[in-house]
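# Just a sequence and a predicted model for now, questions to come.
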Amino acid sequence: MSLPRHRVLIADDHEAVAEQLRKLLEMEYDVVGIVTDGNSLLEAADTLSPDVIVSDIAMPGLDGLTAALAILGRHPDVRIVLVTVHDEPAIVRKALLSGVLGYVLKADAGDELLPAIREALAGRSHLSASIQSPLI
């Protein structure tokens, strides 16, 4: 008898990127949905009950960080991992202070996304190794 797999929701406005993420994540997780904008992310978080949300920051409508703040306010047990091209320390700091547990650069996602999700599920933070410390 196998253990139930964690449920993951993906949010990225680039279909090709979302599909790559889905293929990577399906090895370990049940991908319960893919959305392409922040407003759809809010709705899907409410209806699909994911354990983890993997979201881009730059999306139409609500950006991923604003959506993450709203989701964490309504669903504090959801773990959020951002996958983005934005490596500016101020954005990383804002994300971590808001309750996001993972911050992975898209260039590092192949190697770091699965470990970041594992850490998030354990309640620990994970930053891409190539991100300079946002706390300086």
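Structure received. Keep in mind that this is a model prediction, so the values were computed, not measured.

# CA only for contacts and neighbour counts going forward, please
Noted.

# And L82, how far from I53?
Using Cα to Cα, to the nearest Å, we find L82 at a distance of 8 Å from I53.

# make that V31, sorry
When Cα to Cα is the yardstick, V31 and I53 sit 10 Å from each other.

# Could you list the single helix or strand in the chain with the lowest mean pLDDT?
The element with the least model confidence among the helices and strands of the chain, by mean pLDDT, DSSP states H and E, is helix 89-98, at a mean of 92.

# check contacts around the nearest residue to T36 once chain neighbours are set aside.
Leaving aside its sequence neighbours, T36 sits nearest to D13 (Cα to Cα, 6 or more residues apart in numbering; 4.1 Å). By Cα atoms under 8 Å, 6 or more residues apart in numbering, the residues touching D13 are 35-37, 56, 59-60.

# what's the closest of the residues you listed to A120?
Comparing those against A120 with Cα to Cα places D56 closest, at 16.1 Å.

# name the helices or strands packed onto the lengthiest helix in the chain?
As assigned by DSSP state H, the longest helix anywhere in the chain is helix 109-121. Other elements packing on helix 109-121 under the criterion 3 or more Cα pairs under 8 Å, 6 or more residues apart in numbering; DSSP states H and E are strand 79-84, strand 102-105, strand 126-127.

# Lovely, talk soon.
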